[in-house]
Structures are given as C-alpha cells and as structure tokens.
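> can you look at this prediction? I've put the sequence above it.
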Amino acid sequence: MSDGSPRKRELLEAAYAYALAHGLSDLSLRPLAQGIGTSPRVLLYLFGSKDGLTRALLARSRQDERAAMASLGAGDLVAVGRELWGLLASPAQRPLLVLWVEGYSRSLRGDRGPWADFARATVHDWLELLTPYAPAGDETEAALLLAVLRGGMLDLLATGDEVRTTAAVERHLAGMAARFRRGPDAGPSAAPDAP
C-alpha cells in the first residue's frame, strides 16, 4: 500500500483517536490494534515500525494543532493570545494537549526515534503563527506570549483550575496591551490588574 492509501489514513485516524484517549508514551501495538479493529502486523506493514506509527501520530497531532491555530481571527497579539487561551482552556482540547505534553517531554529528554525534534518543531509552529501579530513582527513578544500560554496550559492540565489559570493569562495579556500602548521605548511598568 502507498503512503496515501485510504486504509492507512483510516487506521491513522483510528490510532490517533485511540492515542488521544489512552496516551502515546506507553503505546503498545497489541492493545492499540485490538482497540481499533486491526492487527499489529497490519500496523507494522503500513507504518514500517512502532516508531513509524508514533512519528505519524505525532505529525497528526501537530496537524490538529496547526489547524486550530489557523482558525484564529484577525487582531493584534493580545487578541490572538486571548483567543488561543480560550482554545487551550477548552475541555474539548484536553486530550490533544495531554498528547502534546507527552510528545514534548519525550522530545526534551533527547529521545531520538519518533520523538526527536517534536518540541522544537512545535515551538517553531507557534512562533510562526504568533510573530506576525506582534508589533513590528517582534518575535520576542511572540515568544513571551507563547511561554505564558504554555505555562498556563501545563498548570491547567496539572490542577484543573481554569479560573486561576485564566486570571493569570488575562493579567499577562492586560500588561502586554498596556506595554503596547506605551510604545517600544516607554520602558517597563507594573502590569495592570486583570479585568
């Protein structure tokens, strides 16, 4: 079968749904195959190896992540940050975010194989999206927002405290908006309270 075969796409989607529900780090071919109605042998044939399947699942998760980012409306970095946080904080996104954290942490440990470069690639995806919204295309502002959003996301996943994490992100966004209004040469000042 070719890479683009309907059966391979069908099994990738089924395996992706399974990974969203059960995780990716401890993925075992036998339970996965049973859970999606195929055999480990078919998965190995279509994806070459367990690493090949894992790599395809990570790529599939980045596809969802990029699709969500592409749906953002117009506005400045603050408006986009608020919209992104709404998306990240949505309970419907939790399975994808947990899968993302699994891939990110394995990549940071220096695992080669399917996890290699996943963290760097996702940072690049996000900065590529956010930087054009920043004043004068300032990548540092985009990186700061990315750090706050990812920190808030990790905190939310760990604690489930959406009220507190949203208040923290909103406070950062309010400070960012005030800083943008003052202009690039105005210097730092205390961030205003969140609305």
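Nice, I can see it. Everything quoted here is computed from the prediction, not taken from an experiment. Residues are numbered from 1 along each chain as shown.
> tally of neighbours for the closest residue to L53 other than its chain neighbours?
Excluding the flanking residues, the one nearest L53 by CB to CB, 6 or more residues apart in numbering is F47, at 3.9 Å. Glycine gets a C-beta too; all of them are placed from N, C-alpha and C. Neighbour count for F47, taken as other CB atoms under 10 Å: 21.
> list the contacts for F47?
Taking CB atoms under 8 Å, 6 or more residues apart in numbering as the criterion, F47 is in contact with 8, 53, 56.
> and what of R55?
Per CB under 8 Å, 6+ apart, neighbours of R55: 113-114.
> relative to R9, how far out is it?
Using CB to CB, to the nearest Å, we find R55 at a distance of 15 Å from R9.
> how about R66?
18 Å.
> more crowded one of those two?
The residue with more neighbours, out of R66 and R9, is R66; 15 against 12, by other CB under 10 Å.
> hmm, D125 and that one touching each other?
Yes. If you go by CB atoms under 8 Å, R66 and D125 touch, sitting 5.9 Å apart.
> for the chain, what spans make up the helices?
6-22, 29-36, 40-47, 50-70, 77-89, 94-108, 118-130, 139-159, 162-182 (DSSP state H).
> can you redo these as TSV with mean pLDDT?
Formatted as TSV, the helices of the chain follow (pLDDT from 0 to 100):
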stretch	mean pLDDT
helix 6-22	93
helix 29-36	94
helix 40-47	94
helix 50-70	87
helix 77-89	92
helix 94-108	88
helix 118-130	90
helix 139-159	95
helix 162-182	94
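> picking that back up, ok, and the most crowded of the contacts of F47?
L53 (23 neighbours).
> what's near enough to touch it?
Neighbours of L53 in contact, by CB under 8 Å, 6+ apart: 15, 27, 29, 43, 47.
> which one of these is nearest to R62?
A15 (15.2 Å; CB to CB).
> how many neighbouring residues does the closest one have?
26.
> doesn't L43 make contact with it?
Yes. Between A15 and L43 there is a contact at 7.4 Å, judged by CB under 8 Å.
> shared neighbours of those two, anything?
32, 53.
> count of residues packed around D125?
D125: 14 neighbours (other CB under 10 Å).
> roughly how far does it sit from R62?
Distance from D125 to R62, by CB to CB: 7 Å.
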